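A.B. asks: Can you look at this prediction? I've put the sequence above it.
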Amino acid sequence: MPYFVYLLECGDGSLYTGVTTDVARRFEEHQKGIGSRFTRARGAKRIVYTEEHPSRSAAQKREVETKRLPRGRKLDLITK
């Protein structure tokens with residue numbers, strides 16, 4: 001089963017990074033306010049980036065790497 005690292009743009013322009021097996025389902029959860037406290041407070045606007053990984057472990061490692069990136073580098077990922 002593939003896992004996805006995703007970047008979500010929030011209503012205030014901030015970026016949220018997460019891991020899921022179903023990006024569409026997870027985005028709906030964020031929009032309904034049951035996705036995470038971060039997106040519940042800021043509103044989920046749209047998914048702006050996804051990466052597929054073969055295992056949960058690989059996806060979680062990439063999630064941590066991505067969360068540590070400065071905002072400019074995250075925006076570079078989106079525009080590639």
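C.D. replies: In hand now; what should we look at?

A.B. asks: Secondary structure class of the closest residue in space to residue 29 that isn't next to it in sequence, three-state.
C.D. replies: In this structure, residue 29 finds its nearest non-sequential neighbour in residue 35, 4.2 Å apart by C-beta to C-beta, 6 or more residues apart in numbering. Every residue, glycine included, has its C-beta placed from N, CA and C. Three-state call for residue 35 (DSSP: H, G, I helix; E, B strand; the rest coil): coil.

A.B. asks: Contacts only, for residue 35.
C.D. replies: For residue 35, the contact set (C-beta atoms under 8 Å, 6 or more residues apart in numbering) comprises 18, 26-27, 29, 44.

A.B. asks: quick one: residue 78 and residue 6 touch, right?
C.D. replies: No - with contacts counted by C-beta atoms under 8 Å, residue 78 stays clear of residue 6, the gap being 11.0 Å.

A.B. asks: what is in contact with those two at once?
C.D. replies: residue 49.

A.B. asks: Can you report how many residues lie near residue 44?
C.D. replies: Neighbourhood size, residue 44 [other C-beta atoms under 10 Å]: 23.

A.B. asks: Can you give me the distance of it to residue 69?
C.D. replies: 20 Å (C-beta to C-beta, to the nearest Å).

A.B. asks: which ones are touching the closest residue to residue 55 other than its chain neighbours?
C.D. replies: Closest residue to residue 55 apart from its sequence neighbours, by C-beta to C-beta, 6+ apart: residue 3 at 6.6 Å. Listed by C-beta under 8 Å, 6+ apart, the contact set of residue 3 reads 19-21, 52-56, 58-59.

A.B. asks: Buried only: go through those for me.
C.D. replies: When burial is judged by neighbour count using 16 or more other C-beta atoms under 10 Å, the buried members of the contacts of residue 3 are 19-20, 53, 59.
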